[in-house]
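**Student:** what would the 3D arrangement of this be:
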Amino acid sequence: MRIIIPMAGLGTRLRPHTHTKPKPLLQVAGKTVLDHVIERLSGLDIEEVVFIVGYLGEQIREHVAANYPFSAKYVEQRELKGQAHALLLASEYLSGDVFIVFVDTIFEADLSILEGTSSDGVIFVKEVEDPRRFGVVIVERGYITRFVEKPDTEISNLALVGLYYIKDSPLLLDCLEAVVTRGIKTKGEYYLADALQLMVDQGARLETGTVDVWADCGKPETLLATNRYLLEKDGGPRGEATNSVIIPPVHVAASASIQDSVIGPYVSVAAEVQISRSIISDAIIDEGACIHEAVIEKSLIGNWSEIRGRPASVDLGDDSRVDLS
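**Tutor:** Residues are numbered from 1 along each chain as shown. The predicted model follows:
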């Protein structure tokens, strides 16, 4: 099976952090978002992983080369015209069984169902209360009949979660080409959902699979919520702390230094972080950050940033300084 991971988006909702790193490399519960996603694919028979990258794509290459032994290929999407356009750029890899995975979310799902399916593909969904923010599907007699991207009315509560297993990849490629060449756009972009609808119109039998957990990583508040979920689920090491109180669940890297502080709950502390005389809860502190005499909650602190003083909540990018002492 070939895994295709589109990740060329700019991640504008997570700025300033995505000014200096691609969104899939943001840290949550001690790992990057990309690491969490790849970890959940480990049970599949993976032939190759294809990354569709854009801005700061070289960081993705470096991270994958340093951490994974699998065969990796890279496709660059320079113009952000949508999902279908991105996948069409990777057309040379659309053969055999393909599993398309978007990295906006971290999921929990039983992927073993892919082995025994007799349909042309499995599209993973989750029931949601307000489907208007998502692409949705309508299912009849066990198979999908319609894909609708961000519907104006509540026609279905089965939201697309960004996991698509396709066995008939030649038909998918034909439909991706049709979407782009015929200018089939939804709200100004070429969506994968429109290509999948063309597949259904041509007789493809696509069934649904379900995810147990669908944890969003696309905005600061949802990234923090995902951090809370992962820490509750898996916990993590607590590292070294001197004259301090650690309130689990937390993740503290072994090389972090914590002195005279209260850390937790729901705090992820990366490598080389230095914290002294501070109180921190519900936060993600990236590599090399320095926090002194601060009270912080509901915050994202970038690499090698420094905070002194008492901001209650802060969203601080890499190499930044805040001094409120």
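**Student:** so for stretch 69-87, what gets flagged as buried?
**Tutor:** Buried residues in stretch 69-87, defined by neighbour count with 16 or more other C-beta atoms under 10 Å: Ala72, Val75, Gln77, Lys81, Gly82, Gln83, Ala84, His85, Ala86, Leu87. (Glycine included, C-beta is placed from N, CA and C.)
**Student:** which members of these are positioned in strands?
**Tutor:** Among these, the members falling in strands (DSSP state E) are Ala72, Val75.
**Student:** export the buried residues of stretch 69-87 to TSV and tack on distance to Thr18 and pLDDT?
**Tutor:** As requested, the buried residues of stretch 69-87 are exported to TSV (distance: C-beta to C-beta, whole Å; pLDDT from 0 to 100):
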residue	distance to Thr18	pLDDT
Ala72	22	94
Val75	20	94
Gln77	16	91
Lys81	19	90
Gly82	19	89
Gln83	19	91
Ala84	23	93
His85	20	93
Ala86	17	93
Leu87	22	95
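**Student:** among the buried residues of stretch 69-87, name the ones in helices.
**Tutor:** Gln83, Ala84, His85, Ala86, Leu87 (DSSP state H).
**Student:** for the fourth one, list the residues it contacts.
**Tutor:** With contact taken as C-beta atoms under 8 Å, 6 or more residues apart in numbering, Ala86 is in contact with Pro6, Ala8, Ile52, Gln77.
**Student:** burial of the second one, as a residue count?
**Tutor:** Other residues near Ala8 number 23, with proximity taken as other C-beta atoms under 10 Å.
**Student:** picking that back up, tell me the one of the buried residues of stretch 69-87 nearest Arg182?
**Tutor:** Nearest to Arg182 among those, counting by C-beta to C-beta, is Ala84 at 11.0 Å.
**Student:** can you tell me the closest non-neighbouring residue to the closest one?
**Tutor:** Among residues not flanking Ala84 along the chain, Tyr190 sits closest, at 3.8 Å (C-beta to C-beta, 6 or more residues apart in numbering).
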